[in-house]
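> build the 3D model from these lines:
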Amino acid sequence: MYQAKLTTANEAVKVIQPGDGIIFPIMPGEPESLLDGIRVLGTLEDNRLYRMLPSFPIVDAPKEKLKQISIFLSGMDRKQMNSGLVDLLPNNFSDIPSILKQREEGRYVIMATVSPMDAAGNFSLGTSPSYVASLIKDAKAIVLEVNENMPRTFGKNNNIHISQVAALVENNVDLPELGNPTLNDNDLAIGKEIAAKVKDGDTLQIGFGAMPNAVMEYLVDKKDLGLHTEMLPERLVDLTEKNVITNSKKEIDTGKSVATFAIGSKRLYEFMNNNTSILMEPCDYTNNFEVVNKLDNLVAINSTVEVDFLGQCNSESVKGMYYSSTGGQADFMKGVRLTKNGTGIICLYSTAKKGTVSTIVPSLFTGAPVSTSKNDIDTIVTEYGSAVLKGATISERTERLINIAHPDFRDELLTAAKEKNYL
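Model prediction:
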């Protein structure tokens, strides 16, 4: 069956018919050679291509031939979205499978990079089950790019059997990598502040970016931490090898680190390969409220761009220019509220634009998206400390936020707060 379905990328993409949606996984799971096949496919008509954190440039095709839709922007499609060449699909990460099913009504083709086939005829989605894992059974067609460098991972709906595959190609290239972010003094100050809130036996959700990951620099003295997150962090390797992350105290998936996608170095990918202590689950499991609220001692750590006196967080847009998307921040900020002893932390630098702009503001700028609502906010952390907003009034929130703003802007913020009659 494998040999019968093995073909070239240019031939494999011919399963796409006019009107079909095309769904790619997140970054390392993107099938590079199949994408190149789509670039030269002459039969595109009213098709849609969905990508999240893409690794490769967009397709040069008219919108009426191929509408390109981003689920979460990266450097490969950010400028194109802001110039109108790419559209953005608002979402909570947990809802992506149901949103795509609703939009495409069964007329979608999944194309993904997978690990080599095992003896039972199964391919693994490896680094990128995310939303794809929950869409497999209803796909019109599945086309796979087999790469010996994609780790074999385990989890619900993580496998695709050769009998489900319409066509496959082989492309043994290195996976896209993302090393440990370079941490500055502010990152380390924020990481140290957050790490002090983490207790032995807690379960962590670590968001995307340098600030949330900086906390892992200060966890080496903790014991029996668990991991239930979206993106599998690079530092998982070190903290697992040092027996800091054991997952032994988790209420669910005990003994397992749980994530829905991974972007890291070759070292991380090699650590993931055939590692039964890691579960790569669909995002409608990892980010599901009913799952998250079973983790009694969850510490959810995410970052934002700016926060206003009400506690509203804009994590997606910079002065009118879209930069990313909501991702799973809203899922976990809502979900952690439902846990027994959980804490939801949003971190940010106190300033932007080389210290010329405060990120704590009286009001979000006009048109800014609200990624985390004032009702779901718990704790805000900057390099100047923490502000607990959960259960606080507007005046209390305002005062606490000004106290962790950059000192250069505190007088200005205080004046604005008085003008609003918040203080």
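
> quick one, what contacts the nearest residue to Asp331 once chain neighbours are set aside?
Counting by CB to CB, 6 or more residues apart in numbering, Asp331 lies nearest to Asn287, which is 4.0 Å off, once chain neighbours are set aside. In this view, the C-beta of every residue, glycine as well, is placed from N, C-alpha and C. Each residue near Asn287 by CB atoms under 8 Å, 6 or more residues apart in numbering is listed here: 92-94, 230, 260, 328, 331-332, 335.

> flag whichever of the residues you listed scores worst on pLDDT.
The lowest pLDDT within the contacts of Asn287 belongs to Gly328, which sits at 89.

> what's the burial count for Pro176?
18 (other CB atoms under 10 Å).

> sec struct for it, please.
Using DSSP: H, G, I helix; E, B strand; the rest coil, the structure places Pro176 in coil.

> what comes into contact with the top helix by length along the chain?
If you go by DSSP state H, the chain has its longest helix at helix 407-419. Contacts with helix 407-419, where a contact means CB under 8 Å, 6+ apart, come from 309, 350-351, 355, 358, 360-362, 384, 398-399, 401-403, 405, 423.

> go again using 6 Å as the cut-off
358, 362, 398, 402, 405, 423 (CB atoms under 6 Å, 6 or more residues apart in numbering).

> pLDDT on it, on average?
Helix 407-419 comes out at a mean pLDDT of 98.

> okay, buried residues for that helix please.
Using 16 or more other CB atoms under 10 Å as the test for burial, helix 407-419 gives 409-410, 413-414, 416-417.

> export the contacts of helix 407-419 to a markdown table and tack on secondary structure, neighbour count and distance to Thr372?
Listed next are the contacts of helix 407-419 as a markdown table, based on DSSP: H, G, I helix; E, B strand; the rest coil; neighbours: other CB atoms under 10 Å; distance: CB to CB, whole Å:
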| residue | secondary structure | neighbour count | distance to Thr372 |
| --- | --- | --- | --- |
| Ser358 | strand | 19 | 18 |
| Pro362 | coil | 18 | 18 |
| Thr398 | helix | 27 | 17 |
| Ile402 | helix | 22 | 19 |
| Ala405 | coil | 22 | 18 |
| Leu423 | coil | 17 | 23 |
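
> would you format those as JSON lines with distance to Asn314 included?
Shown next, in JSON lines, are those (distance: CB to CB, whole Å):
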{"residue": "Ser358", "distance to Asn314": "13"}
{"residue": "Pro362", "distance to Asn314": "13"}
{"residue": "Thr398", "distance to Asn314": "17"}
{"residue": "Ile402", "distance to Asn314": "18"}
{"residue": "Ala405", "distance to Asn314": "16"}
{"residue": "Leu423", "distance to Asn314": "22"}
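
> bridged to Val143, which residues?
Counting by DSSP bridges, Val143 is bridged to Met111, Ala167.

> list the contacts of it.
12, 15, 111, 166-167.

> ok, 10 Å please
With contacts defined as CB atoms under 10 Å, 6 or more residues apart in numbering, Val143 is in contact with 5, 7, 9, 12-16, 22, 31, 34, 37, 109-112, 165-169.

> are any of those residues buried, and which?
Judged by 16+ other CB under 10 Å, buried ones among these: 5, 7, 9, 12-13, 15-16, 22, 31, 34, 37, 109-112, 165-169.

> so which of the contacts of Asn287 comes closest to Asp174?
Thr260 (22.3 Å; CB to CB).

> that closest one reaches Ile26, doesn't it?
Yes: counting by CB atoms under 10 Å, Thr260 touches Ile26, with 8.5 Å between them.

> mutual contacts of the two, please.
Joint contacts of Thr260 and Ile26 (CB under 10 Å, 6+ apart) are 127-131, 230-231, 283.

> pull stretch 152-159 out as PDB, backbone CA atoms only.
The C-alpha trace of stretch 152-159 is given here as PDB (Å, rounded to 0.1, in the frame of the first residue of the first chain):
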ATOM      1  CA  ARG A 152       7.200   9.600  16.400                       C
ATOM      2  CA  THR A 153       5.000  10.700  19.300                       C
ATOM      3  CA  PHE A 154       2.000   9.300  21.100                       C
ATOM      4  CA  GLY A 155      -1.500  10.600  22.000                       C
ATOM      5  CA  LYS A 156      -5.100  10.500  21.100                       C
ATOM      6  CA  ASN A 157      -5.800  10.600  17.300                       C
ATOM      7  CA  ASN A 158      -2.100  11.100  16.700                       C
ATOM      8  CA  ASN A 159      -1.800   8.300  14.200                       C
END
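
> noted, bye for now.
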